[in-house]
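Trainee: From the sequence below, what's the structure:
(one chain, ligands or ions: 1)
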Amino acid sequence: MYRTHNCGELRITHVGQKVTLSGWVQAIRDLGAMKFVTIRDRYGITQLVFDENTPEQIKKEADELGREYVIKITGAVLERSSKNPKMPTGEIEISVNNLEVLNKSEIPPFTIEDETDGGDDLRMKYRYLDLRRNPVRKNLELRHRMGQEIRKYLDGQKFMEIETPYLIKSTPEGARDFVVPSRMNPGEFYALPQSPQTFKQLLMVSGFDRYFQIVKCFRDEDLRADRQPEFTQIDCEMSFVNQEDILQTFEGLAKHLFYEIKGITFNEPFPRITYDNAMKYYGSDKPDLRFEMKFVELTHLVKGKNFQVFDNAEYIGGICAKACSDYSRKQIDELTAFVQRPQVGAKGLVYVKCNTDGTFKSSVDKFYSEAELKTWADELGAQQGDLILVLAGNKDKTLNALNILRLEMGDRLGLRGKDTFAPCWVVDFPLLEWDDEKRFFAKHHPFTSPKTEDIEWFENDPGKMRANAYDFVINGVEIGGGSIRIFNADLQKRMFKALGISEEEASEKFGFLLNAFKYGAPPHGGIAFGFDRWCSVFGGSESIRDYIAFPKNNSGRDVMIDSPSEIDTKQLKELNLKIVKEQ
Ligand code: ASP
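Mentor: Numbering: from 1, shown residues only. Reported below is the predicted structural model:
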């Protein structure tokens, strides 16, 4: 038997018992007459003691131990004389009378401690060792518990978990596909699913009216902290539902997770904000509602006073930072430099200090009287002691810059605590978006249904149409999104037409789905949540990598297994592939 208990289990109540533990050597402390060794497994750490009561032979063997050796020990549980209240097992130690080295270890390339000396690259190369560390293991435990709770909730709501294939062809999400060559069908390729979108809709045609799957999706996109080429979705679809049914069902899931995982109860419904208002007040379709600081448009108020920057601007808007009127020159300069960075792209920053003595001081005093500045302050609801920050320029760019500035001020004012959660739904997304290639594309995907009352715009003013599409957002992070689908062949045709997708192209790409829709497709809709992201928001980290056992780096590489890699000529030949290296 390898163990009677695990390394995190023994307490004062076990004193006197003979136990066997197995695990890794965490640390060795040699005090001459006494030696302390800590042994670690997934559950915790226990202290072993070797002293005058330990058989000589065992003491000798203990002298040979090194970090990360895998050992099995047997001994008696003793009460410690100097207890360690920081360790769950800190009241006891084991007096060892038998020791077996199950496996030796080389010296690990970094310390297996909460605060390790290993840099990112090294830890990724030896991810299996990194995963021995507490903080990383805890992240995976969180992920596991969330997965279990998701299944529990959805099963309770009669959802069926059904797997869909990975070797498929293009899905409608519109990112770049990963492709897999087919040996049996020379010259042909599978695409890996960007999501199970078309399959879950087919399952609705098949009558599985509540489907879900915790499933890998693949998108060949440029990577960021919150993006991986393969990531996991909680993918869901329902039949005979409207948007309200879906929002209710999945608000239920979110509340269940908040309660079970974070111990937080939300009694009120989650706020809902339309896409238009999200853009107007927060400059983002994923607003961080942990704090207010809404945008206030000043365009109508500030023009015509010879201040060229405002006179030439399409949009002028401001935010009010509470109790910041004492910002120094240096702090204002920092903020100005912050918004002028290329990523933010503002030309400059106008400020108005609403001083505590009732006076106003601004960077545009030359153009605006105190009385005028007061009208701005009134518009923004700014009070004595507040600081107004104003940006101006092209509308979309300025809204975006103001969003970044708002989040920065939220950080500076400590309004974005990791333990505060502000979930919301963003609804009424536009159906279509006009892109740089000067054509419409589907804001969500081409199966998303327009709002019934907007269908009349399809042919004349498609850009005006709103969709039955929704996103779920927590703390400014898009956690999920979905839509009510088009299930009427005629409407789908009009949609493809608006998107400039010809009938041939539509039938080549999605013919199977359009065909299926001829055989009695029920009204349906769904949603998918980014599982890795949800874990990272609950865990309080910016990076989804921390919640993935074996993630890829920023260049899409797995540095541990060294992938992607070249394949040999034999394999290429089998696949009918030739590599052409560009000079
Ligand atoms: N398949 C969609 C996505 O991955 C989600 C959905 O519409 O259900 O974004």
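Trainee: Contacts only, for Thr111.
Mentor: Taking Cβ atoms under 8 Å, 6 or more residues apart in numbering as the definition of contact, the neighbours of Thr111 are 117-118. All C-beta spots, glycine's among them, are computed from the backbone N, C-alpha and C.
Trainee: And it, how far from the ligand?
Mentor: For Thr111, the distance to the ligand (Cβ to the nearest ligand atom, to the nearest Å) stands at 40 Å.
Trainee: Thr420 too?
Mentor: Note on Thr420: its distance to the ligand, by Cβ to the nearest ligand atom, is 27 Å.
Trainee: Skip the chain neighbours and tell me the closest residue to that residue.
Mentor: Using Cβ to Cβ, 6 or more residues apart in numbering and skipping residues adjacent in sequence, the residue nearest Thr420 is Arg290, 5.1 Å away.
Trainee: Which of the helices or strands spans that neighbour?
Mentor: According to DSSP states H and E, Arg290 maps onto no helix or strand at all.
Trainee: burial measure for it, as a count.
Mentor: 16 (other Cβ atoms under 10 Å).
Trainee: Could you do Asn242 as well?
Mentor: Asn242: 12 neighbours (other Cβ under 10 Å).
Trainee: related to what we said a few turns ago, show me the contacts for the residue nearest to Thr420.
Mentor: Each residue near Arg290 by Cβ under 8 Å, 6+ apart is listed here: 410, 415-417, 420-422, 475-476.
Trainee: Among the residues you listed, list the two that are farthest apart in space.
Mentor: Set against one another by Cβ to Cβ, the contacts of Arg290 have their most distant pair in Gly410 and Phe421, with a gap of 14.5 Å.
Trainee: Looking at these two, which one has more neighbours?
Mentor: Remark: of Gly410 and Phe421, Gly410 carries more neighbours, 20 against 17, as counted by other Cβ under 10 Å.
Trainee: Can you tell me the element the more buried one falls in?
Mentor: Counting by DSSP H and E, the element that carries Gly410 is helix 395-412.
Trainee: How about residues contacting that helix?
Mentor: Under the contact criterion Cβ under 8 Å, 6+ apart, helix 395-412 has outside partners 279-280, 282-284, 288, 290-291, 293, 295, 313-319, 321, 324, 335, 338-339, 343-346, 349, 389, 391-393, 416, 476.
Trainee: Apply 6 Å and report the result again.
Mentor: Outside of helix 395-412, the residues within contact range by Cβ atoms under 6 Å, 6 or more residues apart in numbering are 283-284, 291, 293, 295, 314-315, 317, 319, 321, 339, 344-346, 391, 416.
Trainee: Likewise for stretch 223-243?
Mentor: Defining contact as Cβ under 6 Å, 6+ apart, one finds that stretch 223-243 is touched by 150, 196, 200, 204, 209-218, 468, 484, 522, 524-529, 531-532, 542-544, 551-552, 554, 556.
Trainee: Can you get me a residue count around Asp220?
Mentor: 15.
Trainee: ok, the closest residue to it other than its chain neighbours to Asp226 distance?
Mentor: Ranked by Cβ to Cβ, 6+ apart and with sequence neighbours excluded, the top spatial neighbour of Asp220 is Arg176, at 3.8 Å. Using Cβ to Cβ, to the nearest Å, we find Arg176 at a distance of 18 Å from Asp226.
Trainee: more crowded one of these two?
Mentor: Asp226 (18 against 13).
Trainee: Now do the same for the nearest residue to Phe291 once chain neighbours are set aside: helix, strand or coil?
Mentor: If you skip the residues right next to it in sequence, Phe291 has Leu415 as its closest partner in space, 3.7 Å away by Cβ to Cβ, 6+ apart. Three-state assignment for Leu415 (DSSP: H, G, I helix; E, B strand; the rest coil): coil.
Trainee: circling back: pLDDT score for the residue nearest to Asp220?
Mentor: We have a pLDDT of 92 for Arg176.
Trainee: Select only the buried ones of the contacts of stretch 223-243 in PyMOL?
Mentor: With 16 or more other Cβ atoms under 10 Å as the criterion, this PyMOL line picks the buried residues out of these:
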select buried, resi 150+196+200+204+209+210+211+212+213+214+215+217+218+468+484+524+525+526+527+528+529+531+532+544+551+552+556
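Trainee: Cross-check the contacts of stretch 223-243 against the ligand and keep the overlap.
Mentor: Among these, proximity to the ligand is found for 526-528 (Cβ under 6 Å from any ligand atom).
Trainee: can you redo those residues as CSV with secondary structure and pLDDT?
Mentor: Shown next, in CSV, are those (DSSP: H, G, I helix; E, B strand; the rest coil; pLDDT from 0 to 100):
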residue, secondary structure, pLDDT
Gly526, strand, 98
Ile527, strand, 98
Ala528, strand, 98
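Trainee: Give me the longest helix you can find in the chain.
Mentor: Ranked by number of residues, the top helix in the chain under DSSP state H is helix 134-156.
Trainee: The residue of the stretch 101-250 of the chain found nearest the ligand: neighbour count?
Mentor: Among the residues of the stretch 101-250 of the chain, Ser195 lies closest to the ligand, at 3.6 Å counting by Cβ to the nearest ligand atom. Per other Cβ under 10 Å, the neighbour tally for Ser195 reads 20.
Trainee: go on, Thr38?
Mentor: By the other Cβ under 10 Å criterion, the neighbourhood of Thr38 contains 20 residues.
Trainee: and if you look at Val426?
Mentor: Number of residues near Val426 (other Cβ under 10 Å) recorded here: 25.
Trainee: which residue sits closest to it, ignoring its sequence neighbours?
Mentor: With Cβ to Cβ, 6+ apart as the criterion, Val426 has its nearest non-adjacent residue at 4.5 Å, and that residue is Asp471.
Trainee: try Trp534
Mentor: Leaving out its chain neighbours, the residue that sits closest to Trp534 by Cβ to Cβ, 6+ apart is Ile479, at 5.2 Å.
Trainee: likewise Pro55?
Mentor: Counting by Cβ to Cβ, 6+ apart, the nearest residue to Pro55 once its immediate chain neighbours are dropped is Asn97, at 6.1 Å.
Trainee: Go ahead and confirm the one you found touches Gly75.
Mentor: Yes. Shown here, Asn97 and Gly75 form a contact pair, counting by Cβ atoms under 6 Å, at 5.3 Å.
Trainee: okay, those two: which has more neighbours?
Mentor: For Asn97 and Gly75, the more surrounded residue by other Cβ under 10 Å is Gly75, and the numbers stand at 23 against 15.
Trainee: Relative to the helix or strand the more buried one falls within, what are the paired strands and their orientations?
Mentor: Taking DSSP H and E as the criterion, Gly75 maps to strand 70-79. Paired strands of strand 70-79, with direction, are strand 18-30 (antiparallel), strand 92-103 (antiparallel) (DSSP bridges).
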